[in-house]
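1. prediction below, plus the sequence it came from.
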Amino acid sequence: MLSAFGSAFRTPDLRRKILFTLGIMVLYRLGATLPSPGVDYANVKYCADQALGGSAGGVYSLINLFSGGALLQLSVFAIGIMPYITASIIVQLLTVVIPKFEELQKEGQTGQNKMTQYTRYLTIALAVLQATGFVALAARGQLLQGCDRQILADKSIWGLAVIVLVMTAGATLVMWFGELITERGVGNGMSLLIFMGIAARIPAEGKGILDSRGGLVFTFVCVAALLIVIGVVFVEQGQRRIPVQYAKRMVGRRMYGGSSTYIPLKVNQAGVIPVIFATSLLYLPMLISQLTANSGNGDHWWTRIINQYLANPGNWVYILIYFALIIFFTYFYVAITFNTEERADEMKKYGGFIPGIRPGRPTADYLNFVLSRITLPGSIYLGVIAVLPNLFLDIGSSGGAQNLPFGGTAVLIMVGVGLDTVKQIESQLLQRNYEGFLR
């Protein structure tokens, strides 16, 4: 891996791409620390530390994770990359429901450009909604609960509208940063921005563990994080290769086909999406419970159940529900994103077949069988990695389970993005070596 980076820096074109990516990431972190107009930075930082240390820390931990701590500080990039992630997931899921989107997906580059444009429009709409919601909660004192300090200097309609406009523009700029990295930089821009936000919090979280728990616990956390990263790398690289043979066919006077390839089915075919879905679904009842309690509607039976079982990530009921939701969403997401019938039809169209399996419907059934067998260990692996921080919740600093340096969502994203970036750099190096050989 280090040799690949060394070779990349010795290649002028790749060196420019890497430096361009690093420059965009520096600008992203600068905007994440720049407070929005009308926000008292000292008070909001004090209240954010209190909120993460209190009982509501779990509600804010995932949001704080993806924004790199920018949201709870109400900075310019407070909304961050979350609207784009949500919009991308929604558009991807709508391709199964809306026939027009499915047709656009099959049109190639032209259809993909239209889908990207729809994703941008939806991103801006979601950014406006999220910015309005968070600013309204901040103005009413419900965003950072348990803090008596004023975090907004101007609570007039004009002052709140300016903050919403700045946060929406920041989310749009972050989306543009991600697209610039994808086009002119190295790797997937959105993934690298999420990686940067998570990596920026690791030193502060490590210092918090060292100060509060001592050197022995800090050493144990570092060793555990290293072992988990090794395990995640091992599983993320694992795949089942299904051999595919293409028959020879005559086109005019030329013979085509006759090649052998394979379909790579990863053990973790769904990535980190099931963990995000399950975490968001579990945070939603807790957030509704807190908003209901603050509105003065009294204590309800369902509020008591939520506070007893879902408020504490270290509770066994919470852990079991979390684990079951991850397994469910893994199967759900894999079934949506990997259409075995379409893959079987494409193979049949171009004369491909799996040795020993008839083309058409039998091929789709075989792919379904293999995929279901692979998805089970993949979903269990995701569940174990995600709930592992909950079992060691007392070791962590004053945040929720996902705030730990080896939290499930954090380590899956960081390792996945790191491996993907290294692979893209190696593929570009290989391409340039082939070009030099051909010349």
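-> Right, received. Where do you want to start?

2. going forward, measure contacts between C-alpha atoms and count neighbours the same way
-> OK.

3. please enumerate the helices of the stretch 151-300 of the chain.
-> 157-184, 189-199, 202-213, 215-237, 273-294 (DSSP state H, counting those that start in this stretch).

4. looking at those, which is buried most?
-> helix 189-199 (a mean of 23; mean count of other C-alpha atoms under 10 Å).

5. for Asp365, which of the helices of the stretch 151-300 of the chain is the nearest?
-> Minimum separation from Asp365 across those (C-alpha to C-alpha) falls at helix 273-294, 24.2 Å.

6. out of the helices of the stretch 151-300 of the chain, which gets nearest to Pro35?
-> Here helix 157-184 is closest among those (C-alpha to C-alpha), at 9.9 Å.

7. which one of the helices of the stretch 151-300 of the chain has the lowest average pLDDT?
-> Sorting the helices of the stretch 151-300 of the chain by mean pLDDT places helix 273-294 lowest, at a mean of 71.

8. mind putting the helices of the stretch 151-300 of the chain into JSON lines with distance to Ser75?
-> JSON lines is the format used below for the helices of the stretch 151-300 of the chain (distance: least, C-alpha to C-alpha, whole Å):
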{"stretch": "helix 157-184", "distance to Ser75": "8"}
{"stretch": "helix 189-199", "distance to Ser75": "13"}
{"stretch": "helix 202-213", "distance to Ser75": "18"}
{"stretch": "helix 215-237", "distance to Ser75": "30"}
{"stretch": "helix 273-294", "distance to Ser75": "22"}
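
9. how much space between Phe77 and Tyr28?
-> Here the distance between Phe77 and Tyr28 works out to 8 Å (C-alpha to C-alpha, to the nearest Å).

10. again with Ala8
-> Here the criterion is C-alpha to C-alpha. By it, Ala8 lies 23 Å from Tyr28.

11. just the buried residues of the helix or strand hosting Leu371, please?
-> Here Leu371, judged by DSSP states H and E, is contained in helix 361-391. Going by neighbour count (16 or more other C-alpha atoms under 10 Å), the buried part of helix 361-391 is 363-364, 366-368, 371, 374-376, 378-383, 385-390.

12. now swap in stretch 329-345 and tell me
-> The neighbour-count check on stretch 329-345 (16+ other C-alpha under 10 Å) flags 329-331, 333-335, 338, 340-341, 343-345 as buried.

13. off-centre distance for the helix holding Leu371?
-> Distance of helix 361-391 from the chain centroid (C-alpha atoms, centre = their mean, to the nearest Å) equals 19 Å.

14. could you do stretch 227-245 as well?
-> Stretch 227-245 has its C-alpha centroid displaced from the chain centroid by 19 Å (C-alpha atoms, centre = their mean).

15. with stretch 196-205 instead?
-> Stretch 196-205 sits 15 Å away from the centroid of its parent chain (C-alpha atoms, centre = their mean).

16. between the two ends of that stretch, what distance do you get?
-> First-to-last residue span, stretch 196-205, C-alpha to C-alpha: 15 Å.

17. how close does Ala364 sit to Leu71?
-> Ala364 sits 45 Å away from Leu71, going by C-alpha to C-alpha.

18. and for Gln92?
-> When distance is defined by C-alpha to C-alpha, Gln92 is 26 Å away from Leu71.

19. neighbour count winner among those two?
-> The neighbour count for Gln92 versus Leu71, taken as other C-alpha atoms under 10 Å, is higher for Leu71 (24 against 18).

20. so where's this structure uncertain?
-> Within the chain, the stretches with pLDDT under 70 are 1-5, 49-69, 142, 144-146, 248-258, 286-302, 309, 311-314, 390-408, 432-439.

21. okay, domains of it per the record?
-> What the record gives for the chain is the domain set 1-200, 212-406, from automatic domain parsing.

22. to Ile425, which of the ones you listed lies closest?
-> Nearest of these (C-alpha to C-alpha): domain 1-200, 7.0 Å.

23. and that closest one, how far out from the chain's middle?
-> Centre to centre, stretch against its chain (C-alpha atoms, centre = their mean), the figure for domain 1-200 is 11 Å.

24. same question for stretch 317-329.
-> On the basis of C-alpha atoms, centre = their mean, stretch 317-329 sits 18 Å off its chain's mean C-alpha point.

25. and it, what's buried?
-> Buried residues in stretch 317-329 (16+ other C-alpha under 10 Å): 318-319, 322-323, 325-327, 329.

26. how near is Phe332 to Leu165?
-> Distance, Phe332 to Leu165, using C-alpha to C-alpha: 36 Å.
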